[in-house]
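1. Show me how the following folds:
(one chain, ligands or ions: 1)
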Amino acid sequence: MVLKSLSDLRNIVAGGPVRKLVLAAAQDEQSLGAVIRAWKDNLIEPILIGDKEGIQNICASHNYDIAGIRIIHEPNMDMAVEMSVKMVSNKQADVLMKGKVGTSTLLKCVLNREWGLRTGNLLSHIALFEVDTYPKVIAVTDVAMNIAPNLQDKIAIINNSVSCLIKIGYHLPKVAILGAVEMVNENMEATLHAALLSKMYQRDQIRNCIIDGPLAFDNAVSIESARLKGIRSEVAGDTDILLMPDIEVGNVLYKSLVFFAKAKVASVILGASVPIVLTSRSDSEQAKYDSILLSAAASK
Ligand code: COD
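-> Okay, the predicted model is just below:
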């Protein structure tokens, strides 16, 4: 199974148990809109923690009927985030979502050694894109969390993203390790990492996926381009996951897809004890909604 579009996530979530999602500092207009829509669609059970009056005012201004949704009043933002994270670590919720709070405040709580959501794994970000010029959804990682991943970090990022896609229903997702070129060049560290990761895959040191690299972006996503360059690869032109060399390349690709190619996107932080919806203020309500569904689908 592969996702052809992000709307496929809805069927996957609808076919599973209803996940509890806690929205930390819930007095956030766009996040609330997306959460309430997913709740109305019977796809999640939300718990809203934050300033109750602020939450109710936003809902009243949009005519949202929120009777039946649990709201916990905590006007202090830091306390609201701490309470949300503790609710997840006490297994009272399956997904954590960022509301009206800074990313670093939320991540600090998530990484708290006493009551946070650490698992011993690296946390990493994955973004799934639906773009008209590619026949299936393509995942890009890591475009938002790990700045300059070393080889060990890249192994963890691959494992996080592969298990996410497997939870959604994929079998052996195809991972392209990107470089600027498809040849190993000792002056380009990304190509050295790619060659090592490919060999580790061949030796079963990385499992549950098919890996090839280095691949340049063109031959990772176009079989014609791979053919012209004489590249024989199981991944070229049929990539499910693009592993980025670093955050700059990843973030520029992310924003190019959204702004130039008008791609739809859903994203989630992986590697903690539960998926974390950590969309940014500039993401559309639709992107937040799709990210909620991705997180619910990846929560198993
Ligand atoms: N996974 C697990 N643990 C981590 C991770 C991770 N990815 N990152 C840090 N930790 C742990 C460390 O082991 C340590 O115990 C603690 O957290 C603090 O580690 P530091 O001091 O290295 O981490 P910070 O707080 O300086 O940085 C963590 C960030 C995630 C904030 C940092 O990596 C960062 O700024 N990333 C980029 C975020 C960004 O700007 N994104 C914008 C694009 S939209």
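2. can we go C-alpha only for contacts and neighbour counts from here?
-> Noted.
3. near the ligand, which residues of the protein show up?
-> 104, 111, 122-124, 144-147 (Cα under 6 Å from any ligand atom).
4. In strands, which of those residues appear?
-> Among the residues of the chain next to the ligand, the ones falling in strands (DSSP state E) are Ser124.
5. Just send the residues of the chain next to the ligand back as JSON lines, with distance to Pro245 and pLDDT too.
-> As requested, those are exported to JSON lines (distance: Cα to Cα, whole Å; pLDDT from 0 to 100):
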{"residue": "Ser104", "distance to Pro245": "23", "pLDDT": "89"}
{"residue": "Leu111", "distance to Pro245": "24", "pLDDT": "96"}
{"residue": "Leu122", "distance to Pro245": "16", "pLDDT": "98"}
{"residue": "Leu123", "distance to Pro245": "16", "pLDDT": "97"}
{"residue": "Ser124", "distance to Pro245": "14", "pLDDT": "98"}
{"residue": "Ala144", "distance to Pro245": "12", "pLDDT": "93"}
{"residue": "Met145", "distance to Pro245": "13", "pLDDT": "94"}
{"residue": "Asn146", "distance to Pro245": "10", "pLDDT": "96"}
{"residue": "Ile147", "distance to Pro245": "9", "pLDDT": "96"}
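6. OK, contacts around Leu117?
-> 85, 88-89, 110-111, 272-274 (Cα atoms under 8 Å, 6 or more residues apart in numbering).
7. so which helix or strand takes in it?
-> Using DSSP states H and E, Leu117 maps to neither a helix nor a strand.
8. measure the closest residue to the ligand within the stretch 201-300 of the chain to Val143 for me?
-> Going by Cα to the nearest ligand atom, the ligand is nearest to Asn251 of the stretch 201-300 of the chain, at 6.6 Å. For Asn251, the distance to Val143 equals 5 Å [Cα to Cα, to the nearest Å].
9. what about the strands in the protein?
-> 19-24, 44-50, 70-73, 95-98, 124-130, 138-141, 174-178, 210-215, 241-243, 264-270, 276-277.
10. If you count contacts, what does the second one end up packed against?
-> In this case it means strand 44-50. strand 19-24, helix 29-40, strand 70-73, helix 77-89 (3 or more Cα pairs under 8 Å, 6 or more residues apart in numbering; DSSP states H and E).
11. now do the third one
-> Using 3+ Cα pairs under 8 Å, 6+ apart, the elements in contact with strand 70-73 are strand 44-50, helix 52-61.
12. ok, now the first one?
-> Packing partners of strand 19-24 (3+ Cα pairs under 8 Å, 6+ apart): strand 44-50, helix 77-89, strand 95-98.
13. Likewise for the last one?
-> Using 3+ Cα pairs under 8 Å, 6+ apart as the contact criterion, the elements in contact with strand 276-277 are strand 95-98, strand 264-270, helix 285-297.
14. got the buried residues for the helix or strand bottoming out on mean pLDDT in the chain?
-> Lowest mean confidence among the helices and strands of the chain (mean pLDDT, DSSP states H and E): helix 103-110, at a mean of 94. Neighbour-count burial for helix 103-110 flags 106-107, 109-110 (criterion: 16 or more other Cα atoms under 10 Å).
15. Now do that helix against helix 77-89, angle only.
-> On the basis of axes from the mean of the first three to the mean of the last three Cα atoms, to 10 degrees, helix 103-110 is oriented at 40 degrees to helix 77-89.
16. residue ranges with poor pLDDT in this structure?
-> Residues of the chain meeting the criterion pLDDT under 70: none.
17. Look through it and tell me its longest helix.
-> helix 151-168 (DSSP state H).
18. buried sites along it?
-> Neighbour counts over helix 151-168 (16+ other Cα under 10 Å) mark 151, 153-166, 168 as buried.
19. Leaving out sequence neighbours, find the closest residue to Val81.
-> Using Cα to Cα, 6 or more residues apart in numbering and skipping the chain neighbours, the partner closest in space to Val81 is Ala24 (5.1 Å).
20. what do you get for Gly169?
-> Nearest residue to Gly169, sequence neighbours excluded (Cα to Cα, 6+ apart): Met1, at 6.0 Å.
21. returning to what we had before: looking at the helices and strands packed on strand 19-24, which is nearest to Ser256?
-> Ser256 sits nearest to strand 95-98 of all those, at 24.2 Å, using Cα to Cα.
22. circling back: and the longest helix of the chain, what does it pack against?
-> strand 124-130, helix 189-202, strand 241-243, strand 264-270.
23. Kindly present the ones you listed as CSV, with separate columns for mean neighbour count.
-> Putting these into CSV (neighbours: other Cα atoms under 10 Å) gives the following:
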stretch, mean neighbour count
strand 124-130, 24
helix 189-202, 20
strand 241-243, 26
strand 264-270, 25
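24. For the ones you listed, give me TSV that also has distance to Asp8.
-> TSV is the format used below for the helices and strands packed on helix 151-168 (distance: least, Cα to Cα, whole Å):
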stretch	distance to Asp8
strand 124-130	11
helix 189-202	29
strand 241-243	17
strand 264-270	12
